[in-house]
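[1] one predicted model, sequence on top.
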Amino acid sequence: MNGRDGEGAQAPFHLVLAEPEDATALRVCSALRRVGRVEFVTPDEIFMAPHWAHDPLGSSRVELASGLVLTDANLLSVFNRVRRVAPLHFAAAAPEDQRYAGDEFFALLISWLTGFGARCVNPPHPGSVAGFAARSAAEDRLRLGADLHAASRARHLGLGTPLAGFPDAGAPLRPGGPGQHRVERPLLRVLIAGDALSQDLPEALRNGLRAEMLRRGLRLAEVTLEETAAGWQPVLINPVPEAASATEVSLIVGLLADVAEAWRGAA
């Protein structure tokens, strides 16, 4: 039975929140159906929902035009792949009105997704609905530097010093620093989903990458590593990874299944 209709429509399910052309989201959605109920919903369906009720300190209920209802109690996990916020019903509005509406929906979406706590993979970040994102090592340092307690938390959690590819967030940027002038070197792409990795890496590097993701509040990411004289170093952490292989899709599905199981156990 389609979970959008009929009796049992409120049985808990996994939510895949992504654009309709998102190939990774579609692959994960298909694989998730083998382990439980899953619904694929686009950001536009959320923006156009005829009924919204959201209390940042309490519960929420979103009823879509399709009849599907999203509440705090019926979502096992949220696979968050929202890349843009552009409400269709403001497409013909003046540019300044579009910007205002976009900002309002951006804030609403971040607040709503944050309310699902650990069930949202990845949790939103003030700079990106889909999680902490940066286009370069230099921007990454600036964003982390805005969190004055990030380095302190890492030390208290026993995570040690950041990997060399991500210098201390408190250090000042300098001309020619990371992300400004680059020398082409061999790259390695690694998908990290919770404690699972798509590539075998040395233990110290694995632990360092997990620490970097923890600092950014991420449990799922595609990490690009660059080969240097000091070994492999991260140059990019992408919270919206592309999973093309069955192995990578399986890692993501496993993470979402673990998230759902943890929520069931805590309920």
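    Received, thanks. Just so it is clear, the structure is predicted and the values come from calculations on it, not from any experiment.
[2] can you list the weak-confidence ranges in the stretch 1-150 of the chain?
    1-10, 87-93, 134-150 (pLDDT under 70).
[3] now the helices: where do they sit in it?
    23-32, 43-47, 95-114, 137-145, 150-156 (DSSP state H, counting those that start in this stretch).
[4] which residue, neighbours along the chain excluded, lies closest to Thr228?
    Arg185 (6.5 Å; C-beta to C-beta, 6 or more residues apart in numbering). Using the backbone N, CA and C atoms, a C-beta is placed for each residue, glycine as well.
[5] how about the residue nearest to Val223 when sequence neighbours are not counted, secondary structure?
    With sequence-adjacent residues excluded and distances taken as C-beta to C-beta, 6+ apart, Val223 is closest to Val190, at 4.9 Å. Classification of Val190 using DSSP: H, G, I helix; E, B strand; the rest coil returns strand.
[6] distance of Val190 relative to Ala262?
    Val190 is 24 Å from Ala262, where distance means C-beta to C-beta, to the nearest Å.
[7] show me which of those two is the more surrounded one.
    The neighbour count for Val190 versus Ala262, taken as other C-beta atoms under 10 Å, is higher for Val190 (20 against 13).
[8] report how many residues lie close to Ala244.
    Ala244: 12 neighbours (other C-beta under 10 Å).
[9] contacting residues around the closest residue to Ile46 other than its chain neighbours?
    Excluding the flanking residues, the one nearest Ile46 by C-beta to C-beta, 6+ apart is Val62, at 6.7 Å. If you count contacts by C-beta atoms under 8 Å, 6 or more residues apart in numbering, Val62 has them with Ile46, Ala49, His51, Trp52, Ala53, His54, Val69, Leu70, Thr71, Trp112.
[10] among those, which one is most surrounded by other residues?
    Going by other C-beta under 10 Å, Leu70 tops the contacts of Val62 with 23 neighbours.
[11] how far away is the closest residue to that residue other than its chain neighbours from Cys29?
    Closest residue in space to Leu70, ignoring its immediate chain neighbours: Val62 at 4.5 Å, by C-beta to C-beta, 6+ apart. With distances taken as C-beta to C-beta, Val62 is found 19 Å from Cys29.
[12] repeat for Val235
    30 Å.
[13] before we move on, what about Arg210?
    27 Å.
[14] what's the answer for Leu188, then?
    28 Å.
[15] same question for Leu187.
    Taking C-beta to C-beta, one finds Leu187 at 29 Å from Cys29.
[16] more neighbours: these two, which one.
    Higher neighbour count among Leu187 and Cys29: Cys29, with 20 against 12, using other C-beta under 10 Å.
[17] wait, what's in contact with that one?
    Cys29 touches Val16, Val38, Phe40, Phe79, counting by C-beta under 8 Å, 6+ apart.
[18] for the stretch of helix or strand Gln233 belongs to, list every residue counted as buried.
    Taking DSSP states H and E as the criterion, Gln233 maps to strand 231-238. Buried residues in strand 231-238, counting neighbours by 16 or more other C-beta atoms under 10 Å, are found at Trp232, Gln233, Pro234, Val235, Leu236, Ile237, Asn238.
[19] same question for stretch 247-265.
    248-260, 263.
[20] same check, this time on stretch 19-26
    Buried, per 16+ other C-beta under 10 Å, within stretch 19-26: Asp22, Thr24, Ala25.
[21] residue contacts, the second one?
    It stands for Thr24. Ala18, Arg81, Pro241, Glu242, Ala243, Ala244, Val249.
[22] one more pass at 6 Å, please.
    Remark: with contacts taken as C-beta atoms under 6 Å, 6 or more residues apart in numbering, Thr24 is in contact with Glu242, Ala243.
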